[in-house]
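[1] can you look at this prediction? I've put the sequence above it.
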Amino acid sequence: MSAHDHHHGPAKGLSRWLYTTNHKDIGSMYLWFSFAMFLLGGTFALVIRAELFQPGLQFVEPNFFNQMTTMHGLVMVFGAVMPAFVGLANWMIPLMIGAPDMALPRMNNWSFWILPFAFAMLVSTLFMEGGGPNFGWTFYAPLSTTYAPASVTFFIFAVHIMGASSIMGSINVIATILNMRAPGMTLMKMPLFVWTWLITAYLLIAVMPVLAGVVTMMLFDIHFGTSFFSAAGGGDPVLFQHLFWFFGHPEVYIMILPAFGIVSAIIPTFARKRLFGYDSMVYATASIAFLSFIVWAHHMFTVGMPLAGQLFFMYATMLIAVPTGVKVFNWVATMFRGAMTFETPMLFAIAFVVLFTLGGFTGVMLAITPADFQYHDTYFVVAHFHYVLVPGAVFSLMAAAYYWLPKWTGYMYDETLGKLHFWLSFIGVNLLFFPQHFLGLAGMPRRIPDYALQFANFNWISSVGGFLFGFSQLILLFVVIKCIKGGKKATAQVWEGAQGLEWTVPSPAPYHTFETPPDPSLIKAQ
């Protein structure tokens, strides 16, 4: 590509994607990357479910099984859910607030392009001597420091890079929302998706350095003779848990707040009513974000904390149910007596509300300290967090994809295939995770490659559900590719009869991409 090409007209081919500063291109790259990671992390999960299909050791070695549980969690959290929400933020926030692009377009490019390298490095650990990380996605010390495979150093570096990406992305989101709103768009007029992302970005900036700190302390314990997490040297393994969960609890809200924003856009559209209780939704989101910082030790009820500590963390955790309940009631009130239709995005959104609420109830159960002594480290916990992460975060992402595909591509997706994808996913996800509540209450531990005979039936059902859910996602891949290639043109009235509540057809590309100075003649006078 000549210098001449670089300065006149859009770049072609690979260099367009490599150098792009266009928020839509970057949003699309995030979404494709996260979808690839979703399929990879799902493959890891299917290895787990294949092994647990029957009692006895069948398909993989126990150490490889542990690598699968670890890599599944890391890839899904940091590679699938988070970059997908960042992709939606990049695509939609400028459009929703009337900005020409993100505030820092070149940093935006860098935020994305470091991710494929981070995950290539993380996944490459599976092929190293001693294997990949085998200590769980929570990587508790001393298992992750004293007893870890040599590849743990690569895992630490990968986490540092992901954290850098998240921090840069969040700075960009905050700068864009606070500085680039169209005249007249006050904060309390912003779409809720923008609000949830503004709050999420602050959470990320607050907790990503904590994660960076704890993995750096691990690095020093492993290579430089420190004893942060080693009792023999005067350190404390429980310190690791406090640091990890001070990051990790806000992190789980980082993975759900943007989902609340998506659902708050979709439900009003298909109920043909304005969102019920907009202001209370904003305050509820802020309350959840604040409370997320003061509940971290509910993950650690069994470490032997003082009674006063247990009581505080129990009550603070239960308090989160209040603003979350406000949101659920507002979504239900929005649907109440609305002229509802059930297109694919609405189906995913309704399933989100019902199943996320179920996951919230099991969360309240886990918050009850004496009950948690029984539930801790059983499949009940696995069932709980998968109900909020899969029908929660992942269903909201699928809802968003169907909802905005006509805007992104200019074509309507195949509604029949979309509904097929929804119903297979809905049945699959419940077959997969609902029986795990029973397994956990009956005493089946997490993260084991083999189990006692009494757990066989529910594991069989769970594994069948897992393969159904997993392979159903190939329909989504097909629908997206088919929609990009063409089909029925999306009109200004995409969803039948949703007057005034829906966006119009694809927005034009911005008049410049910030790579060269803009042409003054193209900029309209204010």
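    Received the coordinates, thanks. Predicted model, so just to flag it, every value in this text is computed and none were measured.

[2] what comes up buried for the longest helix along the chain?
    In the chain, taking DSSP state H as the definition, the longest helix is helix 192-223. Within helix 192-223, the residues that qualify as buried by neighbour count (16 or more other Cβ atoms under 10 Å) are 192-208, 210-212, 214-215, 217-219, 221-222. The way it works is simple: take the backbone N, C-alpha and C, and place the C-beta from them, glycine included.

[3] shaky segments in the stretch 351-500 of the chain?
    496-500 (pLDDT under 70).

[4] 90 instead?
    487, 490-500 (pLDDT under 90).

[5] could you pull out the helices in it for me?
    Along the stretch 351-500 of the chain, the segments classed as helices by DSSP state H, counting those that start in this stretch run 369-375, 379-388, 395-409, 415-441, 456-485.

[6] nearest to Gly130, out of those?
    Smallest distance to Gly130 across those (Cβ to Cβ): 26.4 Å, for helix 379-388.

[7] now the closest one, how far from the centre of its chain.
    15 Å (Cα atoms, centre = their mean, to the nearest Å).

[8] which neighbouring elements make contact with that helix?
    Secondary-structure packing of helix 379-388 (3 or more Cβ pairs under 8 Å, 6 or more residues apart in numbering; DSSP states H and E): helix 344-367, helix 415-441.

[9] take these and write them to TSV, including distance to Gln374 and mean neighbour count.
    Listed next are the helices and strands packed on helix 379-388 as TSV, based on distance: least, Cβ to Cβ, whole Å; neighbours: other Cβ atoms under 10 Å:
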stretch	distance to Gln374	mean neighbour count
helix 344-367	10	21
helix 415-441	8	19
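
[10] wait, which of these is closest to Leu477?
    When the helices and strands packed on helix 379-388 are compared for distance to Leu477 using Cβ to Cβ, the nearest one is helix 415-441, at 9.7 Å.

[11] that closest one packs against which elements?
    Using 3+ Cβ pairs under 8 Å, 6+ apart as the contact test, the elements touching helix 415-441 are helix 344-367, helix 379-388, helix 395-409, helix 456-485.

[12] switch the cut-off to 7 Å
    Counting contacts by 3 or more Cβ pairs under 7 Å, 6 or more residues apart in numbering; DSSP states H and E, helix 415-441 is packed against helix 344-367, helix 379-388, helix 456-485.

[13] report the inter-axis angle for the shortest one versus helix 344-367.
    If you take axes from the mean of the first three to the mean of the last three Cα atoms, to 10 degrees, helix 379-388 sits at 150 degrees to helix 344-367.

[14] how about helix 379-388, which residues are buried there?
    By neighbour count on 16+ other Cβ under 10 Å, the buried set for helix 379-388 is 379-388.

[15] what does that helix contact?
    Helix 379-388 has contacts (Cβ atoms under 7 Å, 6 or more residues apart in numbering) with 256, 355-356, 358-360, 362-363, 366, 375, 433, 436-437, 439-441, 444, 446.

[16] any chance you could map the helices in the stretch 1-150 of the chain?
    For the stretch 1-150 of the chain, the helices defined by DSSP H, counting those that start in this stretch cover 3-7, 14-19, 23-51, 62-74, 82-97, 105-124.

[17] closest to Met300 out of the ones you listed?
    Once the helices of the stretch 1-150 of the chain are compared by Cβ to Cβ, helix 62-74 is nearest, at 17.8 Å.

[18] residues in contact with the closest one: which ones?
    For helix 62-74, the surrounding residues in contact (Cβ under 7 Å, 6+ apart) are 41, 44-45, 47-48, 51, 122, 126, 131-137, 447, 449.

[19] make a markdown table from the helices and strands packed on helix 379-388 and add distance to Leu453 to it.
    Below are the helices and strands packed on helix 379-388 laid out as a markdown table (distance: least, Cβ to Cβ, whole Å):
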| stretch | distance to Leu453 |
| --- | --- |
| helix 344-367 | 26 |
| helix 415-441 | 13 |
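
[20] distance of the residue positioned nearest the centre of the chain from Gly73?
    For the chain, the residue nearest the mean C-alpha position is Val81 (2.6 Å; Cα atoms, centre = their mean). According to Cβ to Cβ, to the nearest Å, Val81 stands 11 Å off from Gly73.

[21] how deep is the residue lying closest to Gln310 once chain neighbours are set aside tucked in, by neighbour count?
    In space, and not counting its chain neighbours, Gln310 is closest to Thr369: 4.7 Å by Cβ to Cβ, 6 or more residues apart in numbering. Using other Cβ atoms under 10 Å, Thr369 has 19 neighbouring residues.

[22] and what of Leu31?
    24.

[23] for it, which non-adjacent residue is closest in space?
    Of all residues not flanking Leu31 in the chain, Gly87 sits nearest, at 3.9 Å (Cβ to Cβ, 6+ apart).

[24] and that neighbour, what's its pLDDT?
    Note on Gly87: pLDDT of 98.

[25] and it, what does it touch?
    Taking Cβ under 7 Å, 6+ apart, we find Gly87 in contact with 27, 30-31, 34.

[26] format those as CSV; extra columns: distance to Gly392 and pLDDT.
    As requested, the contacts of Gly87 are exported to CSV (distance: Cβ to Cβ, whole Å; pLDDT from 0 to 100):
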residue, distance to Gly392, pLDDT
Gly27, 22, 98
Tyr30, 20, 98
Leu31, 18, 98
Ser34, 16, 98
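
[27] which one of those is nearest to Val303?
    For those, the nearest to Val303 is Ser34 (33.8 Å; Cβ to Cβ).
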